[in-house]
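sharing a model that was predicted from the sequence below.
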Amino acid sequence: MSTSPGKAKSGLPSSAFKTPAGTPPTLLEPAYQAGAFAGMRGLFVRDLRLALRRRTDIVAALFFFVITVSLFPLGVGPEPQLLRAMAPGVVWVAALLASMLSLGRLFAEDFQDGTLEQMLLSAHPLPLLVLAKTASHWLCSGLLLAVVSPLLALQFGLSSEATLMLAVSLLLGTPLLSLVGAIGAALTVGVRGAGVLLSLLVLPLCVPVLIFGAGAVDANAAGLGVTGHFSLLGAILALALFLAPLATAAALRIAVE
């Protein structure tokens, strides 16, 4: 089946990947920047639509998160003090594992249908396109986990303030899981047995996020300040927003070549 000349294989307009020839650089720069963000927005919307068509992937990650967290109170017993002490670590570990369920498909399907090659050949900066795909992944995984976490915290008897700290820490930390996971997904794209290799690459890098995220809730329960933990999470997130798309773009070029 032939594709129309106005659209590329990825579903994005072919004009989004082209730069007008013969235009002076001073006149081209504003239009180029506008086109770059248009391509970024188009890729973000495309990935969201594909994710909504595959709702089972979203539901599977959410179901895994809920079941994993809910099993711990049943296995440990109804000891309130013990449950409150282990709640932050349990929720954070479950969120980390649940977010990794869909990381393997972040670039794999684009690699198979040729969309990834179009992204590499596009006139748009590849890090911006990578950032759009990562944002789509977080919106369909990490954000949902953070929204559901207050309901799961009720099983551990957390106070309302500790529950709020848990949700805020997940909102700050889950984007980091997607950003770091995107690097591992790019390094393992097209590799046989990529799921196991992806876990080995990503899990050690996510340990600081896990420590500071769960530590914020523990500090609040102990009556200590949580500003330091949130400041560190915010600083790591700001650094990852700048460096992770660059590293992911470089990894994609290496993987495709």
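Ah, there it is.

in the helix or strand containing Val59, what's buried?
Using DSSP states H and E, Val59 sits in helix 55-76. If you call a residue buried by 16 or more other CB atoms under 10 Å, then helix 55-76 has these buried ones: 57-58, 61-62, 64-66, 68-69, 72-73. (Each C-beta comes from the backbone N, C-alpha and C, glycine too.)

and of the residues you listed, the nearest to Ser136?
Ser136 has its nearest neighbour among the buried residues of helix 55-76 in Ile58, at 11.5 Å by CB to CB.

the helix holding Val59 packs against which elements?
In this structure, helix 55-76 packs against helix 80-100, helix 142-153, with contacts taken as 3 or more CB pairs under 8 Å, 6 or more residues apart in numbering; DSSP states H and E.

so can I have CSV of these showing mean pLDDT, mean neighbour count and distance to Gly195?
Listed next are these as CSV, based on pLDDT from 0 to 100; neighbours: other CB atoms under 10 Å; distance: least, CB to CB, whole Å:
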stretch, mean pLDDT, mean neighbour count, distance to Gly195
helix 80-100, 90, 20, 9
helix 142-153, 91, 20, 19
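
can I get those in JSON lines with distance to Glu257?
Output for those, formatted as JSON lines (distance: least, CB to CB, whole Å):
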{"stretch": "helix 80-100", "distance to Glu257": "26"}
{"stretch": "helix 142-153", "distance to Glu257": "30"}
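
Leu232 is nearest to which of these?
helix 80-100 (14.7 Å).

now what about whatever helix or strand comes next after the closest one, what contacts it?
Using DSSP H and E, the helix or strand that follows helix 80-100 towards the C-terminus is helix 108-113. Defining contact as CB atoms under 8 Å, 6 or more residues apart in numbering, one finds that helix 108-113 is touched by 9-10, 115-116, 119, 185, 189-190, 194, 255-256.

and helix 108-113, what's buried?
For helix 108-113, a neighbour-count test (16+ other CB under 10 Å) marks 108, 110-111 as buried.
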